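> Dropping a prediction and its sequence here:
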Amino acid sequence: MAVPAAFFAVFFAYPVAGIVARGLRAGGSWHVGWIGAVLTESGIGHVLWFTVWQALASTALTLLLALPAAYVFARLDFPGKRLLRALVTVPFVLPTVVAGSAFLALLGRGGLLDQLWGVRLDTTVWAILLAHVFFNYAVVVRTVGGLWAQLDPRQEEAARVLGASRRRAWRTVTLPALGPAVAAAALIVFLFTFTSFGIVQILGGPAHSTIEVEIYRQTAEVFDLPTAAVLTLLQLVAVGAILAVHARTVRRRERALHLVDAAGTARRPRGAAQWTLLGGVLATAGILLLLPLGVLVQRSLRTTDGYGLGYYRALASADGGAFLVPPIDAVANSLQYALAATAIALLVGGLAAAALSRRAGALLRGFDALLMLPLGVSAVTVGFGFLVTLDRPPLDLRSSWILVPLAQALVGAPFVVRTMLPVLRAVDDRLREAAAVLGASPLRAWREVDLPMVRRALLTAAGFAFAVSLGEFGATVFIARPDRPTLPVAVARLLGRAGDLNYGQAMALSVVLMVVCALALLLLERAGTENTGEF
């Protein structure tokens, strides 16, 4: 536990505490009264209300559309299932700025809806809700579908034999077993949408702002640190409560269920109802998930002179003025940063998962919840906190390239923990004990017993850590140097400048980032098992 605890203390708790202290302290004394003053402002009240409202609406809409897909992937077997499962997961590992760009190309000025019917939905709440479903669809499919595939179907069949209808058997047998998984998925979706930044920043316009967006505005545009500090504290408390509920539902799921091998529970669709459900899920996935990505590619190829690769060729030039270097350099920068961040995340997350696999009481359960905090606490706060706290020896890192991978590893490490922990817990302790009896040291026992069993989970964790590190935006927008931008930062800068050339280059860079993330995910799907970890 020592290495993960030290890493999160220095590179998460210290920067967040530093930025909060800077906001709430003046003249050597604390000003706690500023908390009430900020929370009673009418504009802040609207931000809080919209943050909660859109998160609840996004969660409900995601569950409504994704739960049928969870059943299809869990219980039905059809050609191309593995490929479709990977494609459905692509939006989740894409950066939110790319997801926002995709829906901007679909719903915004000159988008598909604008061309066909003259309808624009950008700057409306509907664009935000649809983009959130697009981003979180895979969370429900993987979290609920992974468990659903491992539920023994004979339990429901036994209820049917005893006279229950199909609907009653599902309601009284399957639904109670799935309840904790559905609750856990809903809480994860709510967490991601509650802290949404890139999607709201791109699609919401000035009329819509979440807590995360408001923290960014107060920090980067207004430089009102007291307001940003109060909002950060409020978000920290809310996220902590969400994670506590999530941890409880996960523990309920682990204690209550007896699972079977998922390979034997899926069958070919039978009857008109199942074929109709399969067709509906495929159509929904195609329209909601694949269409925005297709429109993104189409907009990157449509230049003022017709379709071609003009915007891609323009990425090799720095004449646009948005960068000190050609935008295409962001690809190499992002790959280098993501590789370094993946190595850090695997070290920190792997050690944390090994510690948590021992099931050592309330202390480790609390440590598990703390490891998840970087997913919900403002990345903007973390990024700005890096700048104001890591500026003195021996932690003067503001001019060092390692600052970006460290921020990205904070987001990647929780995915490593969540992916490796269930597999490590499944390793029989008697195998380690047998190796020890035969004379193996603890290190050799880990190398000979644990490592072969968790190798695929380790590759899966590396793939997720690489993908999310590649797309991290909230913190790197503050700390990425102008001469070494990352792909998400480059896309955001181009979208923030007027002109067709900048917009086209943003679409082209988004496609490049999408392809890199998709390749990483397909390799992950090929290397990983069908049900590895929570994701």
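Everything's here; your move.
> Assumed E212 was part of a helix.
Yes. The assignment for E212, made by DSSP: H, G, I helix; E, B strand; the rest coil, places it in a helix.
> check contacts around it.
Taking CB atoms under 8 Å, 6 or more residues apart in numbering as the contact definition, E212 lies against T195, S196, F197, V200, Q235, S378, A379, V380, G474. No exception for glycine: its C-beta is placed from N, CA and C like everyone else's.
> which ones among those are found in helices?
With helices taken from DSSP state H, the overlap with the contacts of E212 comprises V200, Q235, A379, V380.
> isn't the first one right next to A207, touching?
No. With contact defined as CB atoms under 8 Å, V200 does not count as touching A207 (10.7 Å).
> More neighbours: which of these two?
Under the neighbour definition other CB atoms under 10 Å, V200 and A207 were set side by side, and V200 has more, 28 against 10.
> F73 is in contact with R85, isn't it?
Yes. Contact between F73 and R85 holds when scored by CB under 8 Å: they sit 6.0 Å apart.
> higher neighbour count, those two?
When F73 and R85 are compared for neighbours, F73 comes out ahead with 25 against 17, by other CB under 10 Å.
> List the contacts of the nearest residue to the more buried one once chain neighbours are set aside.
Once its chain neighbours are removed from consideration, F73 has its nearest residue in G145; the separation is 4.5 Å (CB to CB, 6 or more residues apart in numbering). Residues touching G145, when contacts are defined by CB under 8 Å, 6+ apart, comprise A69, A70, Y71, F73, A74.
> and G145, that's in a helix?
Yes. With three-state DSSP as the criterion, G145 is part of a helix.
> Next one: it relative to T486, how far apart?
The spacing between G145 and T486, counted by CB to CB, to the nearest Å, is 32 Å.
> same check, this time on A436
45 Å.
> The stretch 201-350 of the chain: helices as residue ranges?
211-216, 225-256, 271-285, 291-301, 310-314, 329-356 (DSSP state H, counting those that start in this stretch).
> Tell me which helix or strand comes right after the last one.
Spelled out, that is helix 329-356. Stepping forward along the backbone from helix 329-356, the first helix or strand reached (DSSP states H and E) is helix 361-376.
> Check which residues of that next one are buried.
For helix 361-376, a neighbour-count test (16 or more other CB atoms under 10 Å) marks L364, R365, F367, D368, A369, L370, L371, M372, L373, P374, L375, G376 as buried.
> Equivalent analysis for stretch 3-12, please.
Going by neighbour count (16+ other CB under 10 Å), the buried part of stretch 3-12 is P4, A5, F7, F8, F11, F12.
> Determine how far the last residue of that stretch lies from the first.
The distance separating the two terminal residues of stretch 3-12, taken as CA to CA, to the nearest Å, comes to 13 Å.
> average pLDDT across that stretch?
Confidence for stretch 3-12, expressed as mean pLDDT, is 92.
> how about the spatially closest residue to G385 that is not a sequence neighbour, what does it touch?
Counting by CB to CB, 6+ apart, P15 is the residue found nearest to G385 once chain neighbours are left out, at 2.9 Å. Neighbour list for P15: T381, V382, G385, F386, V388, T389, L390 [criterion: CB under 8 Å, 6+ apart].
> Go through these and flag which are in helices.
Using DSSP H, the members of the contacts of P15 that fall within helices are T381, V382, G385, F386, V388, T389.
> Neighbour count for A436 and T486, which is higher?
T486 (30 against 14).
> Count residues in the vicinity of the nearest residue in space to the more buried one that is not next to it in sequence, would you?
In space, and not counting its chain neighbours, T486 is closest to S334: 4.7 Å by CB to CB, 6+ apart. By the measure other CB under 10 Å, the count of residues near S334 is 30.
> and what of P176?
The local packing count at P176 equals 10, with neighbours defined by other CB under 10 Å.
> What residues sit buried inside the helix or strand hosting it?
Counting by DSSP H and E, the element that carries P176 is helix 175-194. For helix 175-194, the neighbour count (16+ other CB under 10 Å) marks 177-178, 180-194 as buried.
> List of residues touching it?
Under the contact criterion CB under 8 Å, 6+ apart, helix 175-194 has outside partners 51-52, 54-56, 58-59, 62-63, 67, 132, 135-136, 139-140, 143-144, 147-148, 151, 210-211, 238-239, 242-243, 245-246, 249-250, 252-253, 256-257, 375-376.
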